[in-house]
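Enquirer: sequence-free structure coming up:
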């Protein structure tokens with residue numbers, strides 16, 4: 001069997017064009033131009049690269065790009081003042097605080113300080129709580145980007161989760177925990193088994209899966225012999241290892257080479273879910289702007 005590739009780069013490009021058209025539509029109606037803000041504390045090189053990429057995406061789809069680059073020794077109180085500005089700024093319809101933060105900053109307190117409606121990552125406790133509580137009705141708050149990206153990537157390639165057994169390997173708050181809440185919503189109707197690196201019969205459970213989501217961040221944890229013929233593989237795990245030949249850092253996923261030979265579809269890593277995550281971050285920002293505009297129109301009637 002030769003698996004088909006879930007091409008995240010091409011799919012994300014299509015999504016960003018769709019978002020650009022949505023932005024143009026609400027602006028033409030008189031809405032405030034959507035805006036993404038980033039808060040970067042310190043000068044971590046990897047964080048700077050991530051932030052720069054998000055601002056390139058913003059410009060590509062035609063939304064405001066707002067940067068808050070702050071000194072590493074900023075106090076938590078002064079950081080909260082910056083977040084107060086963004087929470088009240090109508091031109092910012094979504095923002096992120098880039099992690100990791102310096103050790104003297106309480107990361108949980110900072111993330112909870114974000115206005116839930118402007119939570120571009122979709123990981124605010126209020127938004128995650130609403131996701132857990134809501135099985136049937138439409139969700140009108142930001143959803144976690146990476147789980148949503150994995151699902152969107154699969155659906156745009158014609159993959160239906162209805163009735164499928166999905167095994168998720170990884171229990172992190174970014175992917176492992178929320179993706180089960182998403183996939184068990186009635187609109188997707190999947191059955192989800194959540195596993196992790198401490199699961200004793202992990203290979204046995206993976207062999208039962210119609211869809212495997214690798215989200216442990218453990219390079220090549222999942223082997224070809226664990227995969228059921230025809231399964232769909234979504235590789236979300238990110239590990240950075242050093243290439244012994246070049247000495248350069250490279251990204252590796254949770255699936256070992258050869259897994260794709262038993263699959264019907266697989267997402268490469270990099271090039272699969274990663275580009276889609278950035279697109280879904282932009283979607284959260286645009287959707288927040290659309291909700292704010294609909295609310296304003298309703299109030300003006």
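Expert: Cool, got the structure. All figures in this text were calculated on a predicted structure; none of them were measured in a lab.

Enquirer: For the rest of this, base every contact and every neighbour count on C-alpha atoms.
Expert: Will do.

Enquirer: and residue 87, how far is that from residue 93?
Expert: 9 Å (CA to CA, to the nearest Å).

Enquirer: any residues in contact with both of these two?
Expert: residue 118 (CA atoms under 8 Å, 6 or more residues apart in numbering).

Enquirer: More neighbours: those two, which one.
Expert: residue 93 (31 against 20; other CA atoms under 10 Å).

Enquirer: In contact with the more buried one: list those residues for me.
Expert: 34-36, 118, 285-286, 288-289.

Enquirer: ok, now which ones touch residue 265?
Expert: Counting by CA under 8 Å, 6+ apart, residue 265 has contacts 3-6, 230-233.

Enquirer: Distance-wise, check it relative to residue 155.
Expert: Taken as CA to CA, the span from residue 265 to residue 155 is 12 Å.

Enquirer: same check, this time on residue 106
Expert: For residue 106, the distance to residue 155 - CA to CA - is 37 Å.

Enquirer: again, but for residue 172
Expert: Taken as CA to CA, the span from residue 172 to residue 155 is 23 Å.

Enquirer: Now, of the contacts of residue 265, which are buried?
Expert: 3, 5-6, 230-233 (16 or more other CA atoms under 10 Å).

Enquirer: farthest pair in these?
Expert: The largest distance within the buried ones among the contacts of residue 265, taken as CA to CA, falls between 6 and 230 and amounts to 14.2 Å.

Enquirer: count of residues packed around residue 37?
Expert: Residue 37 has 25 neighbours, counted by other CA under 10 Å.

Enquirer: Please name every helix or strand in contact with whichever helix or strand residue 84 is part of.
Expert: Residue 84 belongs to helix 76-88 when assigned by DSSP states H and E. Where contact means 3 or more CA pairs under 8 Å, 6 or more residues apart in numbering; DSSP states H and E, helix 76-88 is packed against helix 107-113.

Enquirer: For the helix it packs on, give the mean pLDDT please.
Expert: Taken as a whole, helix 107-113 has an average pLDDT of 95.

Enquirer: Return the set of buried residues in the helix or strand hosting residue 295.
Expert: Counting by DSSP H and E, the element that carries residue 295 is helix 273-300. Across helix 273-300, burial judged by 16+ other CA under 10 Å covers 273-290, 292-293.

Enquirer: same check, this time on stretch 165-180
Expert: Going by neighbour count (16+ other CA under 10 Å), the buried part of stretch 165-180 is 165-171, 174-180.

Enquirer: contact partners of it?
Expert: 123, 128, 144, 146-148, 190-197, 205-206, 208-217.

Enquirer: Do you have the strands of the stretch 101-250 of the chain handy? List them.
Expert: 165-169, 191-195, 211-214, 231-235, 239-242, 249-252 (DSSP state E, counting those that start in this stretch).

Enquirer: now the ones you listed as CSV including mean pLDDT and distance to residue 101?
Expert: As requested, the strands of the stretch 101-250 of the chain are arranged in CSV below (pLDDT from 0 to 100; distance: least, CA to CA, whole Å):
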stretch, mean pLDDT, distance to residue 101
strand 165-169, 98, 26
strand 191-195, 98, 28
strand 211-214, 98, 26
strand 231-235, 98, 26
strand 239-242, 80, 20
strand 249-252, 84, 22
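
Enquirer: Of all those strands, which one is nearest residue 15?
Expert: strand 231-235 (18.7 Å).

Enquirer: Against which helices or strands is the closest one packed?
Expert: strand 211-214, strand 263-266.

Enquirer: Would you list the phi and psi of the residue nearest to residue 229 when sequence neighbours are not counted?
Expert: Among residues not flanking residue 229 along the chain, residue 262 sits closest, at 5.1 Å (CA to CA, 6 or more residues apart in numbering). When read as degrees, to the nearest 10, the backbone of residue 262 gives phi -100, psi -10.

Enquirer: List the neighbouring strands of the lowest-mean-pLDDT helix or strand in the chain plus their orientation.
Expert: Here the helix or strand of the chain ranked lowest by mean pLDDT, DSSP states H and E is strand 239-242, holding a mean of 80. Note on strand 239-242: by DSSP bridges, its sheet partners are strand 249-252 (antiparallel).

Enquirer: May I see the buried residues of the strand it pairs with?
Expert: Those would be residue 252, for strand 249-252 by 16+ other CA under 10 Å.

Enquirer: Tell me which residues are up against that strand.
Expert: Contacts of strand 249-252 (CA under 8 Å, 6+ apart): 219-220, 237-243, 269-270.
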